[in-house]
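Novice: Need coordinates for the below:
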Amino acid sequence: TDCTQETDRRQILNYLAGFPELNGIAQDRDGEAVVKNGFKALSDQTLYSGPEPRYRPGSAKPEYAYEADIFDRFPSRFEAINQTFRGIVETRIGRTEVRGSLTQSNT
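Specialist: Model (predicted):
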């Protein structure tokens, strides 16, 4: 996943993981998101530092440790979401998966 703003991506992943949406986002004393230069700010920008480098899917951007942890803790949840959307898209465009490859449906 990728978003225009890093905080948008974090909020979406928080929501999908069942966390409060502002977890990992800088907050003021009242619990409101801190805005800098017109955008929310991340509270933690530590990059993932495991044994193998991790990058965002389809991107050369390194993954943040916060997001990597969410993906590691809830892999089945994200895989289920991915499969749901894949099925919706394939149905809408009239394609079905046959033996690991997509083929155009004649219906």
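
Novice: all contacts plus neighbour counts: C-alpha atoms, from now on.
Specialist: Will do.

Novice: got the contact list for Asn14?
Specialist: Pro20, Glu21, Leu22, Asn23, Ile70 (C-alpha atoms under 8 Å, 6 or more residues apart in numbering).

Novice: Checking the fourth one next. Helix, strand or coil?
Specialist: Following DSSP: H, G, I helix; E, B strand; the rest coil, Asn23 is assigned to coil.

Novice: Out of the contacts of Asn14, which two sit at the greatest distance?
Specialist: Leu22 and Ile70 (14.0 Å; C-alpha to C-alpha).

Novice: more neighbours, those two?
Specialist: Counting neighbours by other C-alpha atoms under 10 Å for Leu22 and for Ile70 shows that Leu22 has the greater number, 21 against 17.

Novice: can you give me the helices for the protein?
Specialist: 6-17, 65-73, 75-93 (DSSP state H).

Novice: With mean pLDDT and distance to Leu42 added, can I get these in TSV?
Specialist: Putting the helices of the chain into TSV (pLDDT from 0 to 100; distance: least, C-alpha to C-alpha, whole Å) gives the following:
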stretch	mean pLDDT	distance to Leu42
helix 6-17	94	6
helix 65-73	95	10
helix 75-93	89	22
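
Novice: Buried deepest among those helices, which one?
Specialist: Highest mean neighbour count among these (mean count of other C-alpha atoms under 10 Å): helix 6-17, with a mean of 18.

Novice: which residues does Leu42 contact?
Specialist: Glu6, Thr7, Gly24, Ile25, Ala26.

Novice: Now do the same contact list for the second one.
Specialist: By C-alpha under 8 Å, 6+ apart, the contact list for Thr7 reads Ile25, Lys40, Ala41, Leu42.

Novice: Ranking by neighbours, what's the top pick from the residues you listed?
Specialist: Ile25 (23 neighbours).

Novice: Mind pulling up the pLDDT for that one?
Specialist: pLDDT for Ile25: 97.

Novice: so what's it bridging to?
Specialist: Per DSSP bridges, the residues bridged to Ile25 are Leu42.

Novice: surely it meets Asp44?
Specialist: Yes: counting by C-alpha atoms under 8 Å, Asp44 is a contact partner of Ile25 at 7.4 Å.
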